[in-house]
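Novice: quick one: sequence and predicted model below, then my questions.
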Amino acid sequence: MMEIKHNSQIKNTSVEELFGLMPNGDAVYSYELSNKNGMSLKVITYGATISELKVPLENGDIVDVVLGFDSLEGYLQSFQLVSPPYMGTTVGRYAGRIANSTFNLNEQKILLNKNNNDNSLHGGIIGFSQKIWSVEKVIQDEKSAITLSYSSPSNEENYPGNLVVELTYTLSEENELIIQYSAKTTEDTIVNLTHHSYFNLNGHLSDVKDQDLVVNTNQMLETTAENIPTGRYLEIENTSFDFSTPKKCPSKIDNTFVLTEKDEFAASLFSEKNNLKMTVYTDQPGVHIYVGGNCFNETKGKENADYHPLSGICFETQNFPDAPNHEHFPSAFLKKGEEYTHNTIYKFQ
């Protein structure tokens with residue numbers, strides 16, 4: 001496990017709290033950030049996870065719009081569930097599925113660890129979501145931000161190259177949650193990072209079925225029964241997957257939408273009850289949308305919540321699943337000496 005850095009810049013902010021101890025005794029810390037509008041964010045170093053995101057409403061109330069757990073034990077238990085929810089975590093080294101857990105790199109066949117039938121999902125058996133990240137700096141003045149890092153050793157989950165990742169969460173004065181990723185590698189490798197919060201604009205104790213979803217595209221990826229991309233792009237205009245105009249959140253969705261308009265929003269969610277809208281912006285080629293959060297009545301969420309299949313909706317901005325195995329997909333390869341970057345904004349208004 002990585003050592004948590006305690007520099008004076010962090011101590012002066014008075015935002016650090018011990019969140020819990022790992023089974024081996026390593027400490028996990030929680031950090032709270034806020035802006036002048038009353039919006040606040042809590043991040044824990046386990047999985048560089050967002051555990052709380054509170055947004056002020058017009059009527060003066062404040063709503064926690066992400067699912068999570070009150071204790072480290074809850075997060076650890078969630079990874080033992082039959083279908084781990086990856087609640088609020090940072091996903092890597094590769095978000096989504098890699099078919100048959102294999103890809104070719106520099107004329108070599110790489111065999112990854114399998115954790116989703118024969119496939120590799122969200123980085124393998126113990127991905128970035130279950131690692132303790134180091135805190136590099138915390139800023140709490142005109143802007144509120146925290147930067148975390150993780151160094152993934154070569155051959156972790158069988159990925160080549162030592163990959164050093166930096167991640168910055170920023171709360172802007174415009175009520176934006178800004179997420180910026182960068183990564184460098186010592187060897188050619190693949191990388192695809194994403195954020196896995198389950199959002200619910202009516203609060204984490206509610207469900208999302210009455211919230212309006214918009215996805216700004218007319219294409220999605222075709223997938224097999226195991227949710228592996230076939231390589232085909234599907235036109236979705238006038239189908240049940242056409243969210244170009246607002247529709248209620250579907251009860252089941254687990255699909256990657258193709259984003260082509262780089263300067264426009266990717267997706268949005270609107271709650272009529274709270275008159276609250278979240279708009280998603282990204283420089284990534286896709287957004288994977290998933291409704292869920294189910295903890296199968298085995299693990300309690302925050303405030304003793306029983307999270308169920310409609311508790312929240314994920315907007316996983318990312319490259320396409322299985323991209324290394326499809327030459328016409330955007331490249332997921334990161335060469336030694338180059339830098340991976342990824343920027344996503346969740347804006348609340």
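Specialist: Received it, and whenever you're ready, just let me know what you need. Remember, it's a predicted structure, so these values are computed and weren't measured experimentally.
Novice: what does the pLDDT read for the residue sitting furthest away from the middle of the chain?
Specialist: If you look at how far each residue of the chain sits from its centre, by CA atoms, centre = their mean, the farthest one is residue 107, at 31.1 Å. The predicted local distance difference test score for residue 107 is 96.
Novice: now residue 14
Specialist: The model reports residue 14 with a pLDDT of 49.
Novice: again, but for residue 3
Specialist: If you check residue 3, the pLDDT there is 31.
Novice: so what's residue 75 up against?
Specialist: Under the criterion of CB atoms under 8 Å, 6 or more residues apart in numbering, the neighbours of residue 75 are 44, 46-47, 49, 69, 87. All C-beta spots, glycine's among them, are computed from the backbone N, C-alpha and C.
Novice: where along the stretch 201-349 of the chain do the strands fall?
Specialist: 212-215, 219-223, 229-235, 247-248, 254-258, 267-271, 276-282, 286-292, 312-318, 333-334, 340-348 (DSSP state E, counting those that start in this stretch).
Novice: go on, the stretch 1-150 of the chain?
Specialist: In the stretch 1-150 of the chain, the strands defined using DSSP E, counting those that start in this stretch lie at 16-21, 27-34, 40-44, 49-56, 62-64, 90-91, 97-98, 102-105, 108-111, 120-121, 134-140, 144-152.
Novice: quick check: which of those is nearest to residue 73?
Specialist: Proximity to residue 73, assessed across those by CB to CB, is greatest for strand 16-21 (6.8 Å).
Novice: partners of that closest one, with directions?
Specialist: When sheet partners are counted by DSSP bridges, strand 16-21 sits next to strand 27-34 (antiparallel).
Novice: list the buried residues in the strand it pairs with.
Specialist: In terms of neighbour count (16 or more other CB atoms under 10 Å), strand 27-34 has its buried residues at 27-33.
Novice: go on, stretch 253-265?
Specialist: By 16+ other CB under 10 Å, the buried positions in stretch 253-265 come out as 253, 255-259, 265.
Novice: then stretch 181-192?
Specialist: For stretch 181-192, the neighbour count (16+ other CB under 10 Å) marks 181-185, 187-192 as buried.
Novice: redo these as TSV? Include distance to residue 215, secondary structure and pLDDT.
Specialist: What follows is the buried residues of stretch 181-192, written out as TSV (distance: CB to CB, whole Å; DSSP: H, G, I helix; E, B strand; the rest coil; pLDDT from 0 to 100):
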residue	distance to residue 215	secondary structure	pLDDT
181	22	strand	98
182	27	strand	98
183	27	strand	98
184	32	strand	98
185	32	strand	98
187	36	coil	98
188	33	coil	98
189	30	strand	98
190	26	strand	98
191	25	coil	98
192	20	strand	98
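Novice: closest one to residue 227 out of the residues you listed, please.
Specialist: Residue 227 lies nearest to residue 192 out of the buried residues of stretch 181-192, by CB to CB, at 15.4 Å.
Novice: low-confidence ranges, the chain, go.
Specialist: Regions of the chain meeting the criterion pLDDT under 70 cover residues 1-14.
Novice: distance of the residue nearest to the spatial centre of it from residue 19?
Specialist: The C-alpha lying nearest the average C-alpha coordinate of the chain belongs to residue 195 (CA atoms, centre = their mean; 1.3 Å). For residue 195, the distance to residue 19 equals 19 Å [CB to CB, to the nearest Å].
Novice: ok, longest helix in this structure?
Specialist: Selection of the longest helix in the chain by residue count, based on DSSP state H, yields helix 72-78.
Novice: buried set for it?
Specialist: Within helix 72-78, the residues that qualify as buried by neighbour count (16+ other CB under 10 Å) are 72, 74-78.
Novice: and those residues as a markdown table, adding distance to residue 231?
Specialist: Putting those into a markdown table (distance: CB to CB, whole Å) gives the following:
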| residue | distance to residue 231 |
| --- | --- |
| 72 | 40 |
| 74 | 38 |
| 75 | 35 |
| 76 | 37 |
| 77 | 37 |
| 78 | 33 |
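Novice: please name the bridge partners of residue 333.
Specialist: When bridges are assigned using DSSP bridges, the partners listed for residue 333 are residue 190.
Novice: neighbours of residue 118, how many?
Specialist: For residue 118, the count of nearby residues is 11 (other CB atoms under 10 Å).
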